[in-house]
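> Below is the structure, and that's it, no one-letter string:
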Ligand code: GDP
């Protein structure tokens, strides 16, 4: 496999590999050709003797001490440690690696790291160990990126998709697509070179079928990517409704504290308030809006403007209505705006609030707010005063965004923007191939765009193509034979 970068790293790097905070243990990782030498210089056995770590059995860990030279013939002990030795290529980075497990104090870890650097290692850059794992050919680029995502994941969905990506879910799917494309490129090349053995009769029709299939698969990846983004980054959620229906109460209920001011005077929530909460296993970035209504009040006007903005960029709208008061023109106006957003794919849940009070609104009337749309959002009857019905909200969110299904099916999610762009570009190239077929162009035209699709998908894995392509063509088709 040809890699995108062809230089080989030769220096030895080191860093604190565990969290930069006080903890039970801390690990200082040293990776590179000098790892064993540096480790041996600082490590002493339980009997305070020197040892050559490179002679240890690879994959072992030993108890001992880290020492510092403090005179011509004297050493002082810095910490009791466990030191492990992994020999290239069987390590995280594929290089010789020594890991010093110390006690987890910040000062202590930094002190030992300093000794390691003084002994000849260079401070590692962020992500450099993983970069070396990629350069060493142990993981592809998508997997290297998954490591980064895994570390920075903030919810279960993000963790799961990154872990799946690390296991190869994305890489495998991309490889499958590339293999299909490569087969076609190889076939065309072979047929052009060796027309006696490979016939192109009826080939364009066959290629068209393959292109349609590829396009469908890429479309599926792209549409799930959007769902993946929402679940990974959180759902932008707007709370809307006319004044006094319980919007601030909803925000407070979800946030579990008195975050927004709840009052009985209409229009007191003048600005938007934001909060991030976990509902149904996903993050909701909530924005409570000031009620979308025409107003003369200056401050409130700003609020109305922001409300509309929150609505515009929302993935989910929580529309609150007050069941203790009759529906008003304002409810209808908000519903109309929501219908428009729903047509663009925004999801909505309708909270019929204050069910603890005498009801003035029939379910039928609520539904009729959405009679102009082909679908009424799911209704949740609740009371933010008593909490009644609120436990259902998580279920509704999870159903709307298929979070349960995601947990069950092992779907592949492209959560990385770079990957999404690459798939989009590959899809465009496949569309160009289709166009060339329709226009009756010659076969070498197909190759150019197929090649581009293949190349651009390869960037997801971090592969350059040329050598790789030549090799594949020869191995698959035994040309010249
Ligand atoms: P907002 O203007 O839409 O943000 O509405 P608020 O959250 O400020 O609520 C307006 C008033 O309705 C407050 O007095 C709340 O205590 C009250 N309220 C909110 N939810 C309920 C409910 O479920 N039942 C009852 N009885 N009162 C509620």
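Now that the structure is in, tell me what you want to look at. These numbers come from a predicted model, not from an experiment.

> Now the element after the longest helix seen in the chain, going C-ward?
If you go by DSSP state H, the chain has its longest helix at helix 203-233. Note on helix 203-233: by DSSP states H and E, the next helix or strand toward the C-terminus is strand 235-240.

> quick one: strands adjacent to that next one?
Here strand 235-240 has these sheet partners by DSSP bridges: strand 282-288 (parallel), strand 316-322 (parallel).

> That strand and the ligand in contact?
No. Shown here: strand 235-240 not in contact with the ligand (CB under 6 Å from any ligand atom), separated by at least 8.1 Å. Quick note: C-beta positions are derived from backbone N, CA and C, even for glycine.

> Can you give the distance from whatever helix or strand comes next after that strand to the centre of its chain?
Counting by DSSP H and E, the next helix or strand C-terminal to strand 235-240 is helix 247-255. Relative to its chain's centre, helix 247-255 lies at 28 Å (CA atoms, centre = their mean, to the nearest Å).

> One more: stretch 16-27?
How far stretch 16-27 lies from its chain's middle: 25 Å, per CA atoms, centre = their mean.

> quick one: buried residues of it?
Under the neighbour-count criterion of 16 or more other CB atoms under 10 Å, stretch 16-27 has 16, 17, 18, 26, 27 buried.

> tell me the least confident of those?
Lowest pLDDT of these: residue 18, 81.

> Residue 224: how many residues sit nearby?
Neighbours of residue 224 under the rule other CB atoms under 10 Å: 17.

> That one against residue 414, yeah?
Yes. With contact defined as CB atoms under 8 Å, residue 224 reaches residue 414; the gap is 7.3 Å.

> show me where pLDDT drops low in the stretch 1-150 of the chain?
Applying pLDDT under 70 to the stretch 1-150 of the chain flags the ranges 1-9, 20-21.

> how about the strands in it?
13-16, 23-31, 43-44, 60-69, 75-86, 97-104, 122-123 (DSSP state E, counting those that start in this stretch).

> Kindly report the same for the stretch 251-400 of the chain.
273-279, 282-288, 316-322, 347-353, 379-381.

> what about the second one, near the ligand?
No. Using CB under 6 Å from any ligand atom, strand 282-288 never reaches the ligand; the gap is at least 6.6 Å.

> For that strand, the averaged confidence score.
Averaged across strand 282-288, the pLDDT comes to 81.

> that older thread, could I get the strands of the stretch 251-400 of the chain as TSV with distance to residue 51 and mean neighbour count?
Rendered in TSV, the data for these read as follows (distance: least, CB to CB, whole Å; neighbours: other CB atoms under 10 Å):
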stretch	distance to residue 51	mean neighbour count
strand 273-279	50	16
strand 282-288	50	24
strand 316-322	60	25
strand 347-353	62	23
strand 379-381	67	18
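
> rewinding a little: now the strands paired with strand 235-240 in TSV, with distance to residue 348?
Formatted as TSV, the strands paired with strand 235-240 follow (distance: least, CB to CB, whole Å):
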stretch	distance to residue 348
strand 282-288	13
strand 316-322	4
